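Undergrad: Structure for the following, please:
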Amino acid sequence: MRVAIGQFAAAPEWRANLDSCVDYVDEAERGEADLLVLPEGVLARFAEDDAEQIREAAQPLDGPFVTALREHTAGRNVTVVAGVHEPAGHGLVHNTLVVLRDGAIVTTYRKLHLYDAFGTRESARVQAGSGEPAVFDCAGLRVGLMTCYDVRFPELARLLADRGAQLIALPAAWVRGPGKERHWEVMVAARAMENTVYVAACGECGPRNIGASMLADPLGTVRARLGGAPGLLWGSADAAELAAARRQLPVLANRRFAVDPAVLPAPGAASVPFSSSGPAELAGR
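TA: Numbering: from 1, shown residues only. A predicted model of the protein is given here:
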């Protein structure tokens, strides 16, 4: 699998961000990428604590942004992963990853772990997803999805590995702060190494976010990385290399504990088990 990771700083207006996404799709297609990972929340840049602005910027998945980006993938080989905000009702939105290929939506994933940390409360404006991990096929590999703050929760990455993920696509908008870049580096590498998977992590850049997109291999080595400027990062993921890494470091075979596939309830909600259905039903709702 040839992987491209495109980081940029979101603009306030969705049409400008659509242009950036389209440019990266075109560049990734010219470079014969199988998978293009774009940042979290690329519909619009907004103040972190401005719930009204986030609601106003949100669009449904059949709205103009996703529709235009979906249509732009028609006839192309590259599969695109991008983050958007979609209306969720009750004045909230979902922080959603959408996977697009050849003019169609392949699957979606609504962010499970909301960024209620470091003085921020994402849950004040975002409704968490239902709890089902999303895994899809791309260029002969199984790809799992996580979003930004999800990377701090190793059980989600392990559940994705349990469902066959060989690469995890991780769009993010990682906020700057003391030690935050180090957290990002360590956890991207750790999620790769402890599950013997590739992690293609795409960070939004700009004045508020660190960028620092990277591709980590199944032994936790960061193969390639961007700094703080917009750009397209290239790398590869190989099934034979992954199999060799799992023979050398058989942590998935050697483990003694399973991850309990039950979602801890949000306040006022009941615990929801993950689906045990087949791959076709693993998409986030």
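
Undergrad: can we go C-alpha only for contacts and neighbour counts from here?
TA: Fine.

Undergrad: Cys21 versus the spatially closest residue to Thr196 that is not a sequence neighbour, what's the distance?
TA: Among residues not flanking Thr196 along the chain, Pro218 sits closest, at 4.1 Å (Cα to Cα, 6 or more residues apart in numbering). To Cys21, Pro218 is 28 Å away according to Cα to Cα, to the nearest Å.

Undergrad: just Lys111 next, same as before
TA: From Lys111 to Cys21 the distance is 21 Å (Cα to Cα).

Undergrad: Looking only at neighbour counts, state which of the two leads.
TA: Counting neighbours by other Cα atoms under 10 Å for Lys111 and for Cys21 shows that Lys111 has the greater number, 27 against 23.

Undergrad: got the contact list for the more buried one?
TA: 94-97, 128-129, 146-147, 150 (Cα atoms under 8 Å, 6 or more residues apart in numbering).

Undergrad: I'd guess the residue nearest to Thr196 is in a strand, am I close?
TA: No: applying DSSP: H, G, I helix; E, B strand; the rest coil, one finds Pro218 to be coil, outside a strand.

Undergrad: Verify the stated contact: it with Ala192.
TA: Yes: when contacts are counted by Cα atoms under 8 Å, Pro218 is listed as touching Ala192 (5.3 Å).

Undergrad: between these two, what contacts are shared?
TA: 198-199.

Undergrad: Using JSON lines, please lay out the contacts of Lys111 together with secondary structure, pLDDT and neighbour count.
TA: Output for the contacts of Lys111, formatted as JSON lines (DSSP: H, G, I helix; E, B strand; the rest coil; pLDDT from 0 to 100; neighbours: other Cα atoms under 10 Å):
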{"residue": "His94", "secondary structure": "strand", "pLDDT": "96", "neighbour count": "25"}
{"residue": "Asn95", "secondary structure": "strand", "pLDDT": "96", "neighbour count": "27"}
{"residue": "Thr96", "secondary structure": "strand", "pLDDT": "97", "neighbour count": "25"}
{"residue": "Leu97", "secondary structure": "strand", "pLDDT": "98", "neighbour count": "29"}
{"residue": "Ala128", "secondary structure": "coil", "pLDDT": "94", "neighbour count": "20"}
{"residue": "Gly129", "secondary structure": "coil", "pLDDT": "93", "neighbour count": "19"}
{"residue": "Met146", "secondary structure": "coil", "pLDDT": "98", "neighbour count": "28"}
{"residue": "Thr147", "secondary structure": "coil", "pLDDT": "98", "neighbour count": "26"}
{"residue": "Asp150", "secondary structure": "helix", "pLDDT": "98", "neighbour count": "19"}
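
Undergrad: tell me which of the residues you listed is nearest to Leu242?
TA: Nearest to Leu242 among these: Met146, at 19.7 Å, using Cα to Cα.

Undergrad: Can you tell me the SS state at the nearest residue to the closest one once chain neighbours are set aside?
TA: With sequence-adjacent residues excluded and distances taken as Cα to Cα, 6+ apart, Met146 is closest to Leu170, at 5.1 Å. Classification of Leu170 using three-state DSSP returns strand.

Undergrad: Could you tell me how many residues sit around Leu170?
TA: Quick note: Leu170 (other Cα under 10 Å) scores 31 neighbours.

Undergrad: Renumber starting at 39 from here on
TA: From this message on, residue numbering opens at 39, which makes the last subject Leu208.

Undergrad: all helices of this structure, in order?
TA: 52-68, 89-95, 102-110, 192-200, 218-233, 277-286, 289-292 (DSSP state H).

Undergrad: quick one: low-confidence ranges for the stretch 89-238 of the chain?
TA: The model of the stretch 89-238 of the chain has pLDDT under 70 over residues 89.

Undergrad: same thing but at 80, please
TA: 89-90, 169-170 (pLDDT under 80).

Undergrad: coming back round to it: contacts only, for the residue nearest to Thr234.
TA: Applying Cα under 8 Å, 6+ apart, the residues contacting Pro256 are 230-231, 233-237, 280, 283-284.

Undergrad: try it again with 6 Å
TA: 230-231, 234-236 (Cα atoms under 6 Å, 6 or more residues apart in numbering).
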